[in-house]
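Colleague: quick check, what structure comes out for this input:
(chains A and B)
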Number of protein chains: 2
Amino acid sequence: MRTVIPFDARNPKTRLSPPLTCEEREAFARIVLEDVLDVLAESPLDPEVVATEAVSVDVPLTVDDRSLDAVVNDAIDRETPLAIVMADLALLQPAQALSLVRTAGDVVIAPGRGGGTNALVVRDDVFRVDYHGASFRDHLAIADERGLECSVVDSFRLATDVDEPDDLLEVLIHGEGEAAEWLRGAGFRVETSGDRPVASRGASD
Amino acid sequence: MRTVIPFDARNPKTRLSPPLTCEEREAFARIVLEDVLDVLAESPLDPEVVATEAVSVDVPLTVDDRSLDAVVNDAIDRETPLAIVMADLALLQPAQALSLVRTAGDVVIAPGRGGGTNALVVRDDVFRVDYHGASFRDHLAIADERGLECSVVDSFRLATDVDEPDDLLEVLIHGEGEAAEWLRGAGFRVETSGDRPVASRGASD
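Modeller: Okay, the predicted model is just below:
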């Protein structure tokens, strides 16, 4: 299935500052994107990256600096079925990609923590996206208004996008790609001495 | 399947202060527990509450103020298969209870966000729990050391325990039980005017 991976190449992941510097955030965002592409290569999803500026990837790339909504709605107009998968799903595994494809529905939504939409499958071009605000709820409402049948995929790995410092802990604990390795190389460890586990940063390897 | 629901009745959910007062945290924790019990009543899991002090529930209750580990390890010694489900899984639905039971393995683990273990199925009494620290990782290691086959259930609803202010947003967006109603009655709303959605509190209904 054709799959759009939107990627913001300009000053990405600002909420990860601190603990990451601007250069580190750029490097980390690229590595998470590569992890997502590596996982999708083992799945029925066929990714293409739509980035705000040129990036080097081994899949088809379109540079388009319009809003996320404009880019995705155009892609829906061009061809359905279409999947849209966020570029920061560092815990993604092939099983979750498969479950997106296998779940029936005109629209299939995987919610992200914090009210967002981390992955979509759109099988009817009547659907429109609106990623602003509490998009999970809004996407359910848009599907309902347009008479579309909507399914929700319940997955912790799909719900975990990496955009806040607490999310780094999830990558260290559950990540199986290069992003977890990169964090460990940058000195991040799971620290369990306090009230609850946190990702803390010591000396780099 | 026999299912232990540990419940801390003394000053529960301290990390929800603020935004909730002590009395509100107690009321909210009880309502989430009731939601969990209501959901399990529609599932193959047969719950009993083990609480640190007497609480009124419609299922068997044991009062035991020992540590969580001592209580659960004793329960494992008494009888397997045994499920252990945290009392604060406000997004739980019957489907997730069913997937715990249907997943094969000597030990079945549903991770919680933040490195925890939100639900377990233990089918071999050689297993021991250790909820302190990054328990998800530790439980995998304990199963491995003891030669037990371990499966992981990937579920956003099982991963979401309600113990921090940000978790209230998840309840408002995804909750289908009384806890979401209680929050709305207490004046909580999904506020989308800022950078990202938050649960903000206005006037009570």
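Colleague: so where's chain A shaky on pLDDT?
Modeller: A:203-205 (pLDDT under 70).
Colleague: which residues in it form strands?
Modeller: Along chain A, counting by DSSP state E, strands occupy A:2-7, A:46-51, A:61-63, A:82-85, A:107-111, A:117-122, A:150-152, A:188-191, A:198-201.
Colleague: CA atoms only: put the first one into PDB for me.
Modeller: Taking Å, rounded to 0.1, in the frame of the first residue of the first chain, the C-alpha atoms of strand A:2-7 are listed here in PDB:
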ATOM      1  CA  ARG A   2       1.300   3.400  -0.900                       C
ATOM      2  CA  THR A   3       2.400   5.100   2.300                       C
ATOM      3  CA  VAL A   4       3.300   8.800   2.900                       C
ATOM      4  CA  ILE A   5       5.800   9.500   5.600                       C
ATOM      5  CA  PRO A   6       5.800  13.300   6.300                       C
ATOM      6  CA  PHE A   7       9.100  14.500   7.600                       C
END
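Colleague: which residues does it contact?
Modeller: A:29, A:33, A:36-37, A:40, A:45-52, A:55, A:59, A:68, A:71-72, A:75, A:79, A:81-87 (C-beta atoms under 8 Å, 6 or more residues apart in numbering or on different chains). The way it works is simple: take the backbone N, C-alpha and C, and place the C-beta from them, glycine included.
Colleague: let's have the strands of chain A in JSON lines, adding mean neighbour count.
Modeller: Output for those, formatted as JSON lines (neighbours: other C-beta atoms under 10 Å in any protein chain shown):
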{"stretch": "strand A:2-7", "mean neighbour count": "22"}
{"stretch": "strand A:46-51", "mean neighbour count": "20"}
{"stretch": "strand A:61-63", "mean neighbour count": "13"}
{"stretch": "strand A:82-85", "mean neighbour count": "24"}
{"stretch": "strand A:107-111", "mean neighbour count": "25"}
{"stretch": "strand A:117-122", "mean neighbour count": "26"}
{"stretch": "strand A:150-152", "mean neighbour count": "17"}
{"stretch": "strand A:188-191", "mean neighbour count": "17"}
{"stretch": "strand A:198-201", "mean neighbour count": "18"}
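Colleague: would you format these as a markdown table with distance to residue A:164 included?
Modeller: Shown next, in a markdown table, are these (distance: least, C-beta to C-beta, whole Å):
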| stretch | distance to residue A:164 |
| --- | --- |
| strand A:2-7 | 18 |
| strand A:46-51 | 22 |
| strand A:61-63 | 27 |
| strand A:82-85 | 19 |
| strand A:107-111 | 16 |
| strand A:117-122 | 14 |
| strand A:150-152 | 23 |
| strand A:188-191 | 14 |
| strand A:198-201 | 11 |
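Colleague: for residue B:190, find the nearest of those strands.
Modeller: Closest to residue B:190 of the strands of chain A is strand A:107-111 (C-beta to C-beta; 13.1 Å).
Colleague: can you tell me the centre-most residue of chain A?
Modeller: Nearest residue to the geometric centre of chain A (C-alpha atoms, centre = their mean): residue A:86, 2.5 Å.
Colleague: need the contact list for the closest residue to that one other than its chain neighbours.
Modeller: The shortest distance from residue A:86 to any non-neighbouring residue, by C-beta to C-beta, 6 or more residues apart in numbering or on different chains, is to residue A:118 (5.0 Å). For residue A:118, the contact set (C-beta under 8 Å, 6+ apart) comprises A:85, A:86, A:89, A:110, A:111, A:112, A:158, A:159, A:161.
Colleague: got the residues of chain A near chain B?
Modeller: Contacts of chain A with chain B, taken as C-beta under 8 Å from any C-beta of the partner chain, map to A:95-96, A:111, A:113-116, A:132-134, A:136-137, A:154-160, A:166, A:169-170, A:173-174, A:190, A:192, A:196-197.
Colleague: okay, and which of these map to helices?
Modeller: Those of the residues of chain A next to chain B mapping onto helices are A:95-96, A:136-137, A:156-159, A:166, A:169-170, A:173-174, per DSSP state H.
Colleague: let's have the residues you listed in TSV, adding neighbour count.
Modeller: Shown next, in TSV, are these (neighbours: other C-beta under 10 Å):
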residue	neighbour count
A:95	13
A:96	24
A:136	23
A:137	18
A:156	25
A:157	25
A:158	26
A:159	30
A:166	15
A:169	22
A:170	25
A:173	21
A:174	21
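Colleague: residue A:172 contacts residue A:182, correct?
Modeller: No. Applying C-beta atoms under 8 Å, one finds residue A:172 not in contact with residue A:182, separated by 10.7 Å.
Colleague: who has more neighbours, those two?
Modeller: Between residue A:172 and residue A:182, residue A:172 has the larger neighbour count (other C-beta atoms under 10 Å in any protein chain shown), namely 22 against 19.
Colleague: ok, that one - contacts?
Modeller: So residue A:172 contacts A:180, A:183, A:184, A:188, A:189, A:190, A:199 (C-beta under 8 Å, 6+ apart).
Colleague: can you rerun that using 10 Å?
Modeller: Contacts for residue A:172 (C-beta atoms under 10 Å, 6 or more residues apart in numbering or on different chains) come out as A:179-180, A:183-184, A:188-191, A:197-199, B:115, B:134, B:137.
Colleague: same check, this time on residue A:169
Modeller: Applying C-beta under 10 Å, 6+ apart, the residues near residue A:169 are A:183, A:188, A:190-191, A:196-200, B:113-115, B:134.
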